[in-house]
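Visitor: below: sequence and its predicted model.
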Amino acid sequence: MGDVADAAAPVWSVDPRTGKQREQVAVEATAQEVDQAVRAADAARPALADRATRAAFLRTAADLLDGAKDHLVEAADAETALGPVRLTGELARTCFQLRAFADIVDEGAFLGVVIDHPDDTATPPIPDLRRYKIPLGVVAVYSASNFPFAFSVPGGDTASALAAGCPVVVKAHPDHPATSELVASVIRRAAARHGIPEGVLGLVHGFEAGVELVGHPLVAAAGFTGSVRGGRALFDAAAARPTPIPFHGELGSLNPVVVTEAAAAERAEAIGAGLAGSMTLGVGQFCVKPGLVLAPAGEAGDTLVKALTAAVSDTGSGVLLDHRMRDNFIAGVAERAGLPDVSAPVTPGAGGDHTVSPGFLTVPAARLAVEGGPHDLLLEECFGPVTVVARYESADEITAVVSRLPGNLTATVQLSSAEAAGEGRGAELLGELTPVAGRVLVNGWPTGVAVAPAQHHGGPYPATTSTSTSVGGTAIERWLRPVTYQTTPEALLPPELRDDNPLGLPRRFNGRLEN
């Protein structure tokens, strides 16, 4: 009996197009193996201390991933059915992100160096103070199902943590275990080329391994992308540790859209077509898919719904990432469609044996303005190619629904040309949407998260569990903590904090910004 209980479960690569197992990839990690991975990562910390080495490592990782593109895309497509075009673009984005973090490491501004010399004339007097940021330690990364590159083993959490000087242990997602293993091997080869131990990137499989990982005493922080239920459980576990750790989780998002009556009157067909493209992109498996749309109830809104109906009807069925997600989607849309006053101009649900068909639901917005009723379900994310169009009768109904929304990654407003120029309620609507989202869009669609310095991919809970971003240069800040040295002799200071600035870092020196 002990042998059976202790036996490690196999990890299989599964074809989502058929639901059949393809090959055994690995076995689920035991508690001892998780411990070994974390300790190997911790032992690699000194090798990441040099910024030049870190930057070179990140660039080499990008180059090697680029070089293995065909093999990696083929493996990822076999496990996710996301398609070579989508996956090739995602891998290119991932490599770009690694190189962007290498540039950030070279620049050094992320260290936040501030030096204040003594000032006895201040009240109270200021001693010699020197502040910068240091890496937290080993970071646990929990991969996402829907982005096998960009939010998985080589994704933003891993790239930003390595850039900060933190080794990483990744909990692989069960939907793409073979891809995870391949990518990890590439990154380890890149590390070896720069004298960095391969343990700098650990990889473990299995649910229990994920639980063990967040509780390991040498894990200093965690990054997660996934469901509200799973993310909240890990978040609570991170907070309940004897020494709590930061947990940066992306959990779920409805990504509301408000279409003004004037915008619908001006370009209803274009808005309907754009919404269809955004909500069905990647078979509706994007974390920023628009899941709730507030549209006017009048003639202009009817035209929008007609255009949306035509565009969604022309969109074929697709394969979701796994059969569990397919089952949840079919059950979720059926439950929503069965609510009073809910209609389905295009019925979402099962396609073929292994596919789903896109669709959308409509409901009077007044139903969503009432708290505690069954229609609250429509304010929860439904993963897959479906959205809810809530038809409003007045501006007050927009305000009432928006005030009930949970936190979101994005919020979008579609305005007329006059409203975009400052007329009407455009500014007021932005003011109502800003408190519920991390990224606010005007006359665009939320799908597509650019890797750029000004990007913010996060939002109020349950969109994320922190105020940080997981995309863009400032994502590195999650894995750092500030430390100040006071009245410390120059000879004992780290080079980053010395007066002569031997590393040429941007810094604030006696109140002045130096570049």
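Guide: Sure thing, it's come through. Remember, it's a predicted structure, so these values are computed and weren't measured experimentally. Numbering: from 1, shown residues only.
Visitor: sec struct for the residue sitting furthest away from the middle of the chain, please.
Guide: For the chain, the residue at maximal distance from the C-alpha centroid (C-alpha atoms, centre = their mean) is Thr121, at 47.9 Å. Of the three states, Thr121 takes coil under DSSP: H, G, I helix; E, B strand; the rest coil.
Visitor: show me what contacts Val319?
Guide: Residues counted as contacts of Val319 (C-beta atoms under 8 Å, 6 or more residues apart in numbering) are Pro16, Arg17, Ala81, Val283, His354, Thr355, Val356. Quick note: C-beta positions are derived from backbone N, CA and C, even for glycine.
Visitor: what ranges do the strands span in the stretch 51-200 of the chain?
Guide: 113-116, 129-135, 138-142, 168-171 (DSSP state E, counting those that start in this stretch).
Visitor: swap that for the stretch 251-400 of the chain, sorry
Guide: 256-259, 292-296, 343-346, 349-350, 356-357, 359-364, 386-392.
Visitor: one step back: pop out the phi and psi values for the residue farthest from the centre of the chain.
Guide: In terms of degrees, to the nearest 10, the main-chain angles of Thr121 are phi -90, psi -10.
Visitor: for the nearest residue to Ala47 once chain neighbours are set aside, grab the count of nearby residues.
Guide: Of all residues not flanking Ala47 in the chain, Ile196 sits nearest, at 4.3 Å (C-beta to C-beta, 6 or more residues apart in numbering). Neighbour count of Ile196, defined by other C-beta atoms under 10 Å: 24.
Visitor: out of the strands of the stretch 251-400 of the chain, flag the one nearest Thr60.
Guide: strand 356-357 (40.0 Å; C-beta to C-beta).
Visitor: still on that earlier bit, looking at the strands of the stretch 51-200 of the chain, which is nearest to Asn328?
Guide: Smallest distance to Asn328 across those (C-beta to C-beta): 19.1 Å, for strand 138-142.
Visitor: check which residues of that closest one are buried.
Guide: For strand 138-142, the neighbour count (16 or more other C-beta atoms under 10 Å) marks Val138, Val139, Ala140, Val141, Tyr142 as buried.
Visitor: output the contacting helices and strands for that strand.
Guide: helix 31-43, helix 156-164, strand 168-171, helix 207-215, strand 219-225 (3 or more C-beta pairs under 8 Å, 6 or more residues apart in numbering; DSSP states H and E).
Visitor: would you mind getting the angle between it and helix 207-215?
Guide: Angle of strand 138-142 versus helix 207-215, following axes from the mean of the first three to the mean of the last three C-alpha atoms, to 10 degrees, is 140 degrees.
Visitor: from the chain's centre, how far out does strand 138-142 sit?
Guide: 14 Å (C-alpha atoms, centre = their mean, to the nearest Å).
Visitor: of the strands of the stretch 251-400 of the chain, which is nearest Thr488?
Guide: Per C-beta to C-beta, nearest to Thr488 of the strands of the stretch 251-400 of the chain: strand 256-259, 50.9 Å.
Visitor: okay, and for this structure, where does confidence drop off?
Guide: By pLDDT under 70, the low-scoring segments of the chain are 1-7.
Visitor: contacting residues around Glu269?
Guide: So Glu269 contacts Thr303, Leu304, Ala307 (C-beta under 8 Å, 6+ apart).
Visitor: any idea how far the last one is from Gly272?
Guide: Taken as C-beta to C-beta, to the nearest Å, the spacing of Ala307 relative to Gly272 amounts to 3 Å.
Visitor: next, count neighbours for Asp66.
Guide: Asp66, neighbours per other C-beta under 10 Å, totals 17.
Visitor: same thing with the one 4 residues further on?
Guide: Number of residues near Asp70 (other C-beta under 10 Å) recorded here: 10.
Visitor: how far away is Arg193 from Val105?
Guide: Distance from Arg193 to Val105, counting by C-beta to C-beta: 17 Å.
Visitor: mind checking which of these two has more residues around it?
Guide: A count of neighbours by other C-beta under 10 Å puts Val105 above the other of Arg193 and Val105, at 24 against 14.
Visitor: test my guess that that one contacts Leu58.
Guide: Yes. Between Val105 and Leu58 there is a contact under C-beta atoms under 8 Å: 7.0 Å.
Visitor: which residues do those two both contact?
Guide: By C-beta under 8 Å, 6+ apart, the residues touching both Val105 and Leu58 are Ala163.
Visitor: as a check, name the ranges of all helices in the stretch 301-450 of the chain.
Guide: Assigned by DSSP state H, counting those that start in this stretch, the helices in the stretch 301-450 of the chain fall at 323-337, 365-368, 395-402, 417-420, 426-433.
Visitor: out of those, nearest to Gly444?
Guide: Among the helices of the stretch 301-450 of the chain, helix 417-420 sits nearest to Gly444 (C-beta to C-beta), with 11.4 Å.
Visitor: count of neighbours near Asp106?
Guide: Neighbours of Asp106 using other C-beta under 10 Å come to 14.
Visitor: which one is it nearest to, not counting chain neighbours?
Guide: Ala55 is the one closest to Asp106 (C-beta to C-beta, 6+ apart), at 5.0 Å.
Visitor: what distance do you get for the one you found to Pro364?
Guide: Using C-beta to C-beta, Ala55 is found at 55 Å from Pro364.
Visitor: same thing with Asp50?
Guide: 61 Å.
Visitor: these two: which is more packed in?
Guide: Set Asp50 next to Pro364 and count neighbours by other C-beta under 10 Å: Pro364 wins out with 18 against 15.
Visitor: beta partners for that one?
Guide: Per DSSP bridges, the residues bridged to Pro364 are Arg391.
Visitor: using CSV, write down the CA coordinates of stretch 437-446.
Guide: In CSV, the C-alpha atoms belonging to stretch 437-446 read as follows (Å, rounded to 0.1, in the frame of the first residue of the first chain):
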residue,chain,number,x,y,z
ALA,A,437,-9.7,48.5,-14.2
GLY,A,438,-6.0,48.6,-14.7
ARG,A,439,-6.1,49.6,-18.4
VAL,A,440,-8.8,51.9,-19.8
LEU,A,441,-9.3,51.9,-23.6
VAL,A,442,-11.1,54.4,-25.8
ASN,A,443,-12.3,53.3,-29.2
GLY,A,444,-10.2,50.1,-29.3
TRP,A,445,-10.5,46.5,-28.1
PRO,A,446,-8.7,45.0,-25.1
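Visitor: quick one: distance of it to the chain centre.
Guide: 16 Å.
Visitor: list the contacts of it.
Guide: Around stretch 437-446, the neighbours that count as contacts under C-beta under 8 Å, 6+ apart are 255-257, 263, 274-275, 277-278, 288-290, 407-415, 420, 426, 430, 433-434, 455-460, 463-464, 469.
Visitor: got the buried residues for that stretch?
Guide: Ala437, Gly438, Arg439, Val440, Leu441, Asn443, Trp445, Pro446.
Visitor: how about these, which pair is most distant?
Guide: Maximum pairwise distance among the buried residues of stretch 437-446 (C-beta to C-beta): 18.6 Å, between Gly438 and Asn443.
Visitor: Ser416 is in contact with Ala263, correct?
Guide: Yes. Using C-beta under 8 Å, Ala263 makes contact with Ser416 at a distance of 4.7 Å.
Visitor: quick one, helices of the stretch 1-150 of the chain?
Guide: 2-6, 31-43, 51-67, 69-80, 84-107.
Visitor: need those helices in CSV (columns: distance to Val483).
Guide: Output for the helices of the stretch 1-150 of the chain, formatted as CSV (distance: least, C-beta to C-beta, whole Å):
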stretch, distance to Val483
helix 2-6, 43
helix 31-43, 19
helix 51-67, 17
helix 69-80, 39
helix 84-107, 19
